[in-house]
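>>> Quick one, fold the following:
(6 chains)
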Protein chains: 6
Amino acid sequence: MLLKVINPNTTASMTATIERSARAVAGPGTRLEVVSNPMGPASIESHYDEALSVPGLLAEIQAGERAGVAGYVVACFGDPGLDAARELATAPVLGIAQAAMHAASMLGRGFSVVTTLGRTVGRAHDLALSYGFERVCLGVHACEIPVLELETDPDAFATIVESCRAAMLSDGCDAIVLGCAGMADLCARISDAVGVPVVDGVSAAVVMVEALARMGLRGASTGEFARPPGKPYTGLLSGFELPGDPVRF
Amino acid sequence: MLLKVINPNTTASMTATIERSARAVAGPGTRLEVVSNPMGPASIESHYDEALSVPGLLAEIQAGERAGVAGYVVACFGDPGLDAARELATAPVLGIAQAAMHAASMLGRGFSVVTTLGRTVGRAHDLALSYGFERVCLGVHACEIPVLELETDPDAFATIVESCRAAMLSDGCDAIVLGCAGMADLCARISDAVGVPVVDGVSAAVVMVEALARMGLRGASTGEFARPPGKPYTGLLSGFELPGDPVRF
Amino acid sequence: MLLKVINPNTTASMTATIERSARAVAGPGTRLEVVSNPMGPASIESHYDEALSVPGLLAEIQAGERAGVAGYVVACFGDPGLDAARELATAPVLGIAQAAMHAASMLGRGFSVVTTLGRTVGRAHDLALSYGFERVCLGVHACEIPVLELETDPDAFATIVESCRAAMLSDGCDAIVLGCAGMADLCARISDAVGVPVVDGVSAAVVMVEALARMGLRGASTGEFARPPGKPYTGLLSGFELPGDPVRF
Amino acid sequence: MLLKVINPNTTASMTATIERSARAVAGPGTRLEVVSNPMGPASIESHYDEALSVPGLLAEIQAGERAGVAGYVVACFGDPGLDAARELATAPVLGIAQAAMHAASMLGRGFSVVTTLGRTVGRAHDLALSYGFERVCLGVHACEIPVLELETDPDAFATIVESCRAAMLSDGCDAIVLGCAGMADLCARISDAVGVPVVDGVSAAVVMVEALARMGLRGASTGEFARPPGKPYTGLLSGFELPGDPVRF
Amino acid sequence: MLLKVINPNTTASMTATIERSARAVAGPGTRLEVVSNPMGPASIESHYDEALSVPGLLAEIQAGERAGVAGYVVACFGDPGLDAARELATAPVLGIAQAAMHAASMLGRGFSVVTTLGRTVGRAHDLALSYGFERVCLGVHACEIPVLELETDPDAFATIVESCRAAMLSDGCDAIVLGCAGMADLCARISDAVGVPVVDGVSAAVVMVEALARMGLRGASTGEFARPPGKPYTGLLSGFELPGDPVRF
Amino acid sequence: MLLKVINPNTTASMTATIERSARAVAGPGTRLEVVSNPMGPASIESHYDEALSVPGLLAEIQAGERAGVAGYVVACFGDPGLDAARELATAPVLGIAQAAMHAASMLGRGFSVVTTLGRTVGRAHDLALSYGFERVCLGVHACEIPVLELETDPDAFATIVESCRAAMLSDGCDAIVLGCAGMADLCARISDAVGVPVVDGVSAAVVMVEALARMGLRGASTGEFARPPGKPYTGLLSGFELPGDPVRF
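Next comes the predicted model:
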């Protein structure tokens, strides 16, 4: 079973972090392909970054279809391009926010999200609403560490733990969801420190998409999620698809 | 990794059906213990049946704790006793309605449930609301086959397929959730017949609880889901726990 | 008109408290039968306690049916077994959380609940959601007095009043709902102390079920709330119904 | 205990119908004052009618305060002027839609409303949302009989029963709420005809406000529902209050 | 294009404030008629005030219909009588709370309301729910300045700014909505002081109803919002309509 | 006042249709710039099309910022890239679905959407939920005419009218929202045919953003909607911004 994990940003060291998390939880018979976005932003910290990450992400989904991928993970907590990816993919596609929120909601009554910059809090609320977790997601808290500094800031661990504790106190949550793929390496240590289950979205998405694939489930492929109708594309993006691309124009 | 699947009713043939579904999807390193309820109703088709299935179910959870179980599945679509089971268990506990609804919601915009008797429709709506799927669950449809006749009614397959098609037409759903553990054997054939993904809750719960366990996640164990406070129990149920029981009174 | 009030726990002194509250508000022509649970926990402070209180509670409902009861009150704030009780009863069945929340919502814009242990807060939120009061219930606050210590703790009154005041300050509520049948005796004094209406669930349920009965209303008896289908029961609980029981297996 | 039932329209024969319903359910020690609106429309079938019924209704509330009323019923299914009435009254005030919806929601999972003209359907939905019953109110159906023709149309009973049956079929409701005080006389016969509980709002409001009064509960009297601040009133309505009026300007 | 702005209270100086705000934003070809309520309260600070403002307001709508008005603004933040006004008017009718909430919701993720007296907070929440902004309206805050003192209190500006800042801190809002027509004059200064967009409802309603009229849109005129059925009116209000009134009885 | 209307697809004839609608409603002093997307799909009929339309749309927003635009319209009913556009723009940005839904909700109790292909129905529901109109949007109906055939299909008008009538019958809506910018030309004729207000999103967005600009309102520019943090962009899209671009990397 081949799973493909796509880091929607272009930073290789963060893709490496994601890969470590993915490999740590993947089942014995599962092969993993973990890739960076071939085009787009170095990190995703705004709606703008997110929007510009999507074309490259979709190109990777299309490449995955040609490779027979059985399940995809979109490894950015904004779950960029998920609906479009589902149209292209025959296999299930999970975002890491989606998977983490599902997992956390199975562990207790409610979870809180601890994310990077305050400006991404709104997106997390949007996703919680969209997935049905507006009552289960008890709060979204920013630790105000930029994505790429998670790897370099020596205080990152302490700051995140502090945010988790503040979330537990104010929200009374049963579990914490980490709001960035770049926090994956810290997950176990944070959980030990705070005493409630802490969910890393990369791990959650890998095991959940593997679970769906093991059941033989594919994504919906009729109606809204049927293949997009073919049509002419103009300008910069018109040529970026590879030959043999199933959505060729 | 030991997973325990509990059939909350007492019918051995249905437990066998559940076991087949569970074994078909469990990962290579996973051991499964699949048991019937030691006390309770032959099938669960009412709130009354559900209520009386819970004490035996909880006894099985407690036995599981002593055996080091890493994840539990409650294999009845009413998800009976889930909150109480979570208090007793240190490992995650999933109901099959819960797991199936989560899985189906990951496949598209909305799912419909096809269940057994019309009188159980309300419970399915309650669960959808409770898990956050009131918008994603587009409808609940009864095929009016009693639980134990799923095994014997020669028209069961055709009747369920007809209900699925009616649900697809009226609800525009992307996926179908089967509303009874007793339908597990039919899942693949139904999916072939109706052309959208069909989710069996037993399979979904097994792969999802395995996924949670693989991530090292335990259920919440503080606050609402801490061990229940010990206290005297009187009457018929007071003696049903085994010696050494972790909730001893 | 005969009303039956069932204390789902087994503690006689608490049943006596409940009986005093019930008698204080029952109308002139109303006869009251107030009983303890014949089997189950000494108090209900967890989902586990609640689940194990239900079989005995249902036995009392069935006994009530044979006695021609015109309305039932389930006198525990978790409203245990309500749906199952409704299947068995031809008369209306009210839980005290349900009745108190209805009553309080008729007095102003929003109420807060002051309950016993923090671990029961989640259940109160579940009930509020289930009854439609998720917007009207402005908060649930725990005073952290265990149920059975309400009778003995000399500071109980002061502690509850303090919790009420904290709730009024943080929630801006127009009324307070007391979240435990064991607080019934204190209701009038608390109301005097805090200056907003304070609702005791036992009183509310008695007058409301009497109101329904006076209108000649019975509970729904078709579809979901029709009598449960008869079937074999095995094990400990299989024999606990009395001969002549209308749900005989 | 003195309860005051106010018909917000000016039609005496409808007030007589309301009075019959009220007297049929009021408890032994309860005195009833049932009055027509001293000013306003002959029937209430629009937002316009409703708005113009309110000043006279509020004058009756103020007169009631001087008479020591222990509970008020506003006997029009649009629940006109309820919030303003609550500001003036120290005793609880219930609208008949409010009371009927509360009562019906206690009998089963969901109710449908059968009302008079289609143009009033929106108001019923507004009230259901406002009281928390947007999920419990499964549908609102108009029988298209104008309010005052309920008394004279020989087909009224048959037409309403037909609407009830259509509602039961399309909504799967457990109970029916009659959407007009003018239907009160027909309630028992309709219930017999359709086989599910049918709730008349006048009866429901009388028994429920009596229930609240028996518990010693008053409406909220602080914050939003404190007495309105006194101030000059100009024009036609400025003089309509009686001398001694507690809201004198 | 003739727009009519109705101040539902009777205070001429407040009507002058409203007129200044309206004229400051109205388009070049737009004529404005700005009137006080001919009957009713000097200010609207309670449900009672609001209810008694409606008859005069509706008389002004009816006069407007005879004058060929293309759009109406109801210039009180409680949006009194809006549904009734819509029945009478063929042109669109907007309340200033409605318009301000719509405008503010177009500027960012969420807004907070800063209003006058605490007792009006509940009404603002009701309106937000009714218009669909229960998630977008992040909070309602009272500055506790009575309506008519907005004009005379030398500290009004500072007090409102303080409330805005408190709202921004506690709610994290992107915009502020001013909760009283009497605050219109202060809008620009407040916006400068607090650094987020501040929306005055009078301005918002004028430009939005002008926008609707420019599109050639009329209000709904069928079903719920068709002309009210004619019928006898009795008592004080029966004679207050002018001869030639389109809703004559 | 300069408003910029951006057609997110690349089809010039559709941009011309949009321009006609926009010019027909723009106020006297308003200048309009109406542009096609410089890169992207010929029409937008899938999440995939929508995702790939966003980079070009954002480039047009950035060009607009340099030109001093006072308000933007995104003229595709999927409202693509709205949040990202708001981050880049200092002026308000409205999508045509957003504006049409707001306008329609001001005309009555509820509206229905009539859109092009069935596969876009889900997106319309998402937007309605996101803007707060999940209760006000009573249904979304597809006429199954592809976007670009709206201009050429001789039956387009009749087919859309038929869908509108079906929507009115099933949903009881007070107004219709047209779910595609390509339907703008037909709006007046459809409204005449169906007898309820019909809202074209292009017109609605132009008059509404003009209204916001006339009030001097800018979009939120702090927190979530502050300028995106600058960072390296790699690959195909990294060079598409013009020199002097305010989001330069």
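>>> what ranges do the strands span in chain A?
Using DSSP state E, the strands of chain A run over residues A:2-7, A:31-36, A:40-41, A:71-74, A:93-95, A:111-115, A:137-142, A:175-178, A:198-199, A:233-234.
>>> Lowest average confidence across the ones you listed, which one?
Lowest mean pLDDT within the strands of chain A: strand A:233-234, at a mean of 85.
>>> picking that back up, with distance to residue F:235 and mean neighbour count added, can I get the strands of chain A in TSV?
Backbone N, C-alpha and C define where each C-beta goes, glycine included. Shown next, in TSV, are the strands of chain A (distance: least, C-beta to C-beta, whole Å; neighbours: other C-beta atoms under 10 Å in any protein chain shown):
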stretch	distance to residue F:235	mean neighbour count
strand A:2-7	13	26
strand A:31-36	10	18
strand A:40-41	6	29
strand A:71-74	17	30
strand A:93-95	21	29
strand A:111-115	26	29
strand A:137-142	29	21
strand A:175-178	28	30
strand A:198-199	31	28
strand A:233-234	17	20
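>>> Residue A:187 contacts residue A:178, correct?
Yes: Residue A:187 sits in contact with residue A:178 when judged by C-beta atoms under 8 Å, with a separation of 6.1 Å.
>>> Quickly list what's touching both of these two.
A:198, A:199, A:200 (C-beta atoms under 8 Å, 6 or more residues apart in numbering or on different chains).
>>> Show the contacting residues for the first one.
Under the criterion of C-beta under 8 Å, 6+ apart, the contact partners of residue A:198 comprise A:164, A:175, A:176, A:177, A:178, A:187, A:188, A:190, A:191.
>>> ok, the nearest residue to it once chain neighbours are set aside - how many residues close by?
In space, residue A:198 comes closest to residue A:191 once its chain neighbours are excluded; the distance is 3.9 Å by C-beta to C-beta, 6 or more residues apart in numbering or on different chains. Per other C-beta atoms under 10 Å in any protein chain shown, the neighbour tally for residue A:191 reads 21.
>>> Wait, residue A:191 touches residue A:200, no?
No: in terms of C-beta under 8 Å, residue A:191 does not count as a neighbour of residue A:200; the distance is 9.3 Å.
>>> So what's the residue count around the closest residue to chain E within chain A?
Nearest residue of chain A to chain E: residue A:122, at 4.9 Å (C-beta to the nearest C-beta). A total of 20 residues lie near residue A:122 under the criterion other C-beta under 10 Å.
>>> Please name the nearest non-neighbouring residue to it.
Using C-beta to C-beta, 6+ apart, the nearest residue to residue A:122 is residue F:224, at 4.3 Å.
>>> list the contacts for that neighbour?
A:118, A:119, A:120, A:121, A:122, A:123, E:108, E:109, E:174, F:87.
>>> Kindly report the residues of chain A close to chain C.
A:109, A:135, A:172 (C-beta under 8 Å from any C-beta of the partner chain).
>>> Could you find the closest non-adjacent residue to the second one?
Put plainly, it is residue A:135. In space, residue A:135 is closest to residue B:132, 6.4 Å off (C-beta to C-beta, 6+ apart).
>>> tally of neighbours for the nearest residue to residue A:160 once chain neighbours are set aside?
If the residues on either side of it in the chain are set aside, residue A:160 comes closest to residue A:143, at 5.2 Å by C-beta to C-beta, 6+ apart. By other C-beta under 10 Å, the residues close to residue A:143 number 26.
>>> where does chain A have low pLDDT?
A:239-249 (pLDDT under 70).
>>> one more time with 90, if that's ok
A:29, A:151, A:220-222, A:230, A:232-249 (pLDDT under 90).
>>> from it, which residue is nearest to chain C?
For chain A, C-beta to the nearest C-beta, closest residue to chain C: residue A:109, 4.8 Å.
>>> hmm, back to that, restricted to helices, list the contacts of residue F:224.
Secondary structure defined by DSSP state H assigns A:121, A:122, A:123, F:87 of these to helices.
>>> Tell me the one among these nearest to residue E:219.
Nearest to residue E:219 among those is residue A:122, at 33.6 Å by C-beta to C-beta.
>>> I'd guessed the closest one sits against residue E:135; true?
No: contact criterion C-beta under 8 Å: residue A:122 and residue E:135 do not qualify, at 11.4 Å.
>>> ok, residue A:66 to residue A:4 distance?
11 Å (C-beta to C-beta, to the nearest Å).
>>> what does residue A:45 give?
24 Å.
>>> how distant is stretch A:93-100 from the center of its chain?
5 Å (C-alpha atoms, centre = their mean, to the nearest Å).
>>> what does stretch A:214-226 give?
The answer for stretch A:214-226 is 19 Å, by C-alpha atoms, centre = their mean.
>>> now stretch A:93-108
10 Å.
>>> ok, which stretches of chain A are helices?
Under DSSP H, chain A gives helices at A:12-25, A:47-66, A:82-88, A:96-105, A:121-131, A:156-171, A:187-194, A:201-214.
>>> CA atoms only: put the shortest one into PDB for me.
Once side chains and other backbone atoms are set aside, the C-alpha atoms of helix A:82-88 remain, and they are given as PDB (Å, rounded to 0.1, in the frame of the first residue of the first chain):
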ATOM      1  CA  LEU A  82      -8.600  19.600   0.000                       C
ATOM      2  CA  ASP A  83     -11.800  19.700  -2.100                       C
ATOM      3  CA  ALA A  84      -9.800  20.200  -5.300                       C
ATOM      4  CA  ALA A  85      -7.500  17.300  -4.400                       C
ATOM      5  CA  ARG A  86     -10.500  15.100  -3.700                       C
ATOM      6  CA  GLU A  87     -11.800  15.800  -7.200                       C
ATOM      7  CA  LEU A  88      -8.500  14.700  -8.700                       C
END
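>>> helices and strands around that helix, which ones?
Helix A:82-88 is packed against helix A:47-66, strand A:71-74, strand A:93-95, helix F:47-66, with contacts defined by 3 or more C-beta pairs under 8 Å, 6 or more residues apart in numbering or on different chains; DSSP states H and E.
>>> run the last query once more with 6 Å
Secondary-structure packing of helix A:82-88 (3 or more C-beta pairs under 6 Å, 6 or more residues apart in numbering or on different chains; DSSP states H and E): helix A:47-66, strand A:93-95, helix F:47-66.
>>> List the buried residues in the first one.
Judged by neighbour count (16 or more other C-beta atoms under 10 Å in any protein chain shown), helix A:47-66 contains these buried residues: A:47-65.
>>> what does stretch A:152-170 give?
Within stretch A:152-170, judged by 16+ other C-beta under 10 Å, the buried ones are A:156, A:157, A:159, A:160, A:161, A:162, A:163, A:164, A:167, A:168.
>>> can you check stretch A:109-129 too?
Across stretch A:109-129, burial judged by 16+ other C-beta under 10 Å covers A:109-129.
>>> how distant is it from the center of its chain?
13 Å.
>>> do stretch A:138-154 as well
16 Å.
>>> gap between the two ends of it?
In stretch A:138-154, first residue to last residue: 29 Å (C-alpha to C-alpha, to the nearest Å).
>>> Other residues contacting it?
A:43, A:45, A:110, A:112-118, A:121, A:124-125, A:156, A:159-160, A:163, A:167, A:171, A:173, A:180, A:182 (C-beta atoms under 6 Å, 6 or more residues apart in numbering or on different chains).
>>> same question, stretch A:168-177
Contact partners of stretch A:168-177, identified using C-beta under 6 Å, 6+ apart, comprise A:100, A:104, A:107-114, A:138-139, A:164, A:196-199, B:220.
>>> domain parsing for chain A?
When chain A is parsed with automatic domain parsing, its domains come out as A:2-96+A:204-239, A:103-200.
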